[in-house]
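Trainee: this one's structure only:
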């Protein structure tokens, strides 16, 4: 017997999905996250799983074949400013690029004249410059002055830096000076983590490149220590299977690869949600979906389109730019632990502050005093205080009501129920806005996409989010509360590469382009060799950053590797048509016949893994299971509580239809079916919530019908 385990460390809970390889049986589990040392929560949860499997720790750990781990270590280091003490070495005259940024406020803060940018990850006294210069074509204008480099390294070492980032101007065209600097720094400071921009991000634009390289260095020692600790602690318990780590790009890899490029896991956990969601909608013949994941601390919204998880090439972590391929996730501070408060203008606000895992919501009875979204859910009847986590945790509804009364209802002159309803509706509206943005900014209408729900708190709110956005179908997998952990066991291995390649498309050197694609493909193959991926299980995805001449922003266009093969003269024409089509989809117009410009070539090398069987056998029997009781639940259309049926999800047979409003309780989550929807337990064991009188077959494309 052997096991595979997906582990997702969240802000409040650490989620587990345990799969018995012999029987295919899947077990969900949650344990409290331990923010001071996340590895403690992981080991605690694995030990609890051993008990549930009725095995000794030694026997259980020895039978673990694979652990795929999503971690918040990198993200938290940036958010809290607790990364490594980092030095930066750059070209003379460019010391302050990290603070100058792009010279303008970002789009999010364009009209905020009081906006203050975050302090750079590397303070000015730890930023050093050396004499060297390469021009835009890669020609050496000024040779690297070795002595000034040695002096800069010596000064940084004397300051006690743990990491050094090196980013020279135009090194994406000629990495010679950075490679020479690497040798000298390794000689002068052998114990320091080193991040070289030509290895981290060899592409055009200085600020994103220097910011990403600095972040990679800032995270290096932190991530390396964590990986060493978790690997060591697992080995001490007798786990000698493979540990893999979820990356921001939606793929997994070995800890050694992550230790070299730690910035690649800044969105480690949320990236797995869309991977799992795609598998669930594919079962139904759908190729698109919106994914929402509501946990204890945050709410993540993402998109799957045409059977592909959407990837972005630039994002921000705590307003610091990172330009590595990342699953496109819109994250807001709205979770079960989000705190409700009154601002200076007397308006109700929810989040982004969170009660987290410690002390948690007031209802946990662990000393929390600030009312949260979970407390509102208890007061409104959505959450049964005696059946939280299947009855493992008893909640205090009296404490929740008192906190809402003191901090919200009293100041606003409302009843406790009205205040709780305000908290619930406020957070739903915020999450609906976040969900809408992820679709609209890419040119899609959220009403045309089914919504897949993840997170322990997600099913409590998903119906009302869907109602607000007029989304007709909501899929709530039985694994919803641990969907990201499940996604980690579904994810393929993936490695992304980029090379600067600036050219007018009408003058493209196909030999050079083909050589770069081949070079990146070989780098990916070398990593997949180490990870033991068979040749027949590999795939190569090629894309390019392109734009019309004179444009400032690029469009990412994916195409077949053979389209830039010199042996296929028609290939470039196909790439041009793909660009025009994508540009029109995003911006509503295209300029057929206009010349294009390519800035970068990208290659993703993927190692396919066996699919995880998602079928969940319904435990109920018979033609229909009656409600196990009734409960007063707040209904928006009535503006008050009303008695609704409560069903035991574990007793429902496949095909049972439940007319909303209703509650369905699972051990790890609660599904609220609003009065606007009906619910059915489908053949795969997932709940499908459908707007009344809607035909779900309309979500199929013409080719799928």
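Mentor: Nice, I can see it. The model shown is predicted, which means the values in this text are computed figures rather than measured ones.
Trainee: Distance of the residue nearest the centre of the chain relative to residue 433?
Mentor: Nearest to the mean C-alpha position of the chain, by CA atoms, centre = their mean, lies residue 270 at 2.6 Å. Distance, residue 270 to residue 433, using CB to CB, to the nearest Å: 18 Å. Any C-beta I mention is one placed from the backbone N, CA and C, and that applies to glycine too.
Trainee: what helix or strand is the residue nearest to the centre of the chain on?
Mentor: Secondary structure from DSSP states H and E places residue 270 outside every helix and strand.
Trainee: Correct me if wrong: it contacts residue 487.
Mentor: No - checked against CB atoms under 8 Å, the pair residue 270 and residue 487 is beyond contact range at 9.6 Å.
Trainee: Centre of the chain to the helix ranked longest in the chain, how far?
Mentor: Across the chain, the longest stretch assigned as helix under DSSP state H is helix 206-236. Relative to its parent chain, helix 206-236 has a centroid offset of 17 Å by CA atoms, centre = their mean, to the nearest Å.
Trainee: where does the stretch 401-550 of the chain have low pLDDT?
Mentor: Across the stretch 401-550 of the chain, nothing is flagged by pLDDT under 70.
Trainee: repeat that with 80
Mentor: 441-443 (pLDDT under 80).
Trainee: Which residue ranges of it form strands?
Mentor: 451-454, 473-476, 493-504, 538-548 (DSSP state E, counting those that start in this stretch).
Trainee: And the stretch 151-300 of the chain, by the same measure?
Mentor: With DSSP E, counting those that start in this stretch as the criterion, the stretch 151-300 of the chain has strands spanning 163-167, 193-196, 242-246, 252-253, 289-294, 299-305.
Trainee: any idea of the mean pLDDT for the longest one?
Mentor: When you say that, I think you mean strand 299-305. Taken as a whole, strand 299-305 has a mean pLDDT of 88.
Trainee: Count residues in the vicinity of residue 577, would you?
Mentor: Other residues near residue 577 come to 14 when the count uses other CB atoms under 10 Å.
Trainee: Relative to residue 548, how far out is it?
Mentor: 14 Å.
Trainee: any idea which element the residue sitting furthest away from the middle of the chain lies in?
Mentor: Distance from the C-alpha centroid of the chain, by CA atoms, centre = their mean, peaks at residue 147 (43.2 Å). Counting by DSSP H and E, the element that carries residue 147 is helix 146-158.
Trainee: So which other helices or strands are in contact with that helix?
Mentor: strand 86-91, strand 127-130, helix 176-188 (3 or more CB pairs under 8 Å, 6 or more residues apart in numbering; DSSP states H and E).
Trainee: Go again with 7 Å.
Mentor: Counting by 3 or more CB pairs under 7 Å, 6 or more residues apart in numbering; DSSP states H and E, the packing neighbours recorded for helix 146-158 are strand 127-130, helix 176-188.
Trainee: and among those, the most buried is which?
Mentor: Ranked by mean neighbour count, the helices and strands packed on helix 146-158 are led by strand 127-130 with a mean of 22 (mean count of other CB atoms under 10 Å).
Trainee: same question for that one, mean pLDDT?
Mentor: 94.
Trainee: Among the strands of the stretch 401-550 of the chain, which comes closest to residue 680?
Mentor: Ranking those by proximity to residue 680 (CB to CB) places strand 473-476 first, at 10.7 Å.
Trainee: Summarise which helices and strands that closest one is packed against.
Mentor: Looks like strand 473-476 contacts strand 451-454, helix 458-469, strand 687-691 (3+ CB pairs under 7 Å, 6+ apart).
Trainee: Can you lay out these as a markdown table showing mean neighbour count and distance to residue 100?
Mentor: Listed next are those as a markdown table, based on neighbours: other CB atoms under 10 Å; distance: least, CB to CB, whole Å:
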| stretch | mean neighbour count | distance to residue 100 |
| --- | --- | --- |
| strand 451-454 | 31 | 39 |
| helix 458-469 | 25 | 39 |
| strand 687-691 | 22 | 49 |
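Trainee: Show me the one of these that comes nearest residue 543.
Mentor: Among the helices and strands packed on strand 473-476, strand 451-454 sits nearest to residue 543 (CB to CB), with 25.2 Å.
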